[in-house]
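3D, please:
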Amino acid sequence: MIVFEDEASFRQDATLHATWSRKGSTPIVSSASSRDSVKVYGCIDVNNAKFIYHFEEEKFNAKSYLIFLETILAKHFYPKQVCYIQDNASYHKDGEVWRWFSENKHWLHVKNLPPYCPELNATEHIWHHTRVKGIHNQYFNSKDEIIINLKKVFYNIRNNPKQIEGYLRPFL
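The predicted structure is shown next:
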């Protein structure tokens with residue numbers, strides 16, 4: 001299995017994207033005064049489009065990453081042989097994280113992408129799809145509303161993986 005991992009933040013303030021309207025009528029999207037965000041760890045298996053995710057309450061760091069690895073990644077992929085590809089976030093290089101990787105090397109083979117190459121990470125394409133389908137041009141009163149929209153998009157990805165297969169084709 002080839003599994004790409006990444007993390008993303010989805011902000012409460014509106015992300016405006018291309019829209020259509022009558023000439024001379026600019027669309028108006030309300031905006032929140034708060035700048036809260038929802039943080040998500042995610043993995044995609046490029047062979048079968050299996051997408052797993054984990055909402056992070058606090059912040060992205062070595063401690064939260066280890067929780068993701070132990071409770072989500074291992075739960076969904078162990079004991080299958082996995083080539084696990086991640087970017088160069090600072091906490092991915094933490095000693096405790098690499099100790100965990102070393103303890104799990106019998107099933108998990110970790111590869112780091114070159115620095116500053118998000119286009120080489122298949123999960124980045126899933127985040128793009130998520131923003132387009134669930135976040136752009138919408139107003140959210142709270143983080144809970146963002147989470148509801150994200151869960152809808154993630155549910156659709158899981159139940160209809162064909163919608164993301166085009167994003168994954170270059171990684172096969």
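
In a helix, residue 83, correct?
No: assigned with DSSP: H, G, I helix; E, B strand; the rest coil, residue 83 falls outside any helix and is strand.

Would you mind naming the residues that pair with it in a beta bridge?
residue 2, residue 109 (DSSP bridges).

mind listing the helices for this protein?
Applying DSSP state H to the chain gives helices spanning 62-68, 74-77, 95-103, 122-134, 143-159, 162-168.

okay, these in a markdown table with distance to residue 41, mean pLDDT and mean neighbour count next?
Using the backbone N, CA and C atoms, a C-beta is placed for each residue, glycine as well. As requested, the helices of the chain are exported to a markdown table (distance: least, CB to CB, whole Å; pLDDT from 0 to 100; neighbours: other CB atoms under 10 Å):
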| stretch | distance to residue 41 | mean pLDDT | mean neighbour count |
| --- | --- | --- | --- |
| helix 62-68 | 4 | 98 | 18 |
| helix 74-77 | 12 | 96 | 15 |
| helix 95-103 | 13 | 98 | 13 |
| helix 122-134 | 9 | 95 | 19 |
| helix 143-159 | 12 | 96 | 15 |
| helix 162-168 | 17 | 94 | 15 |
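
That concludes my questions; thank you for your assistance.
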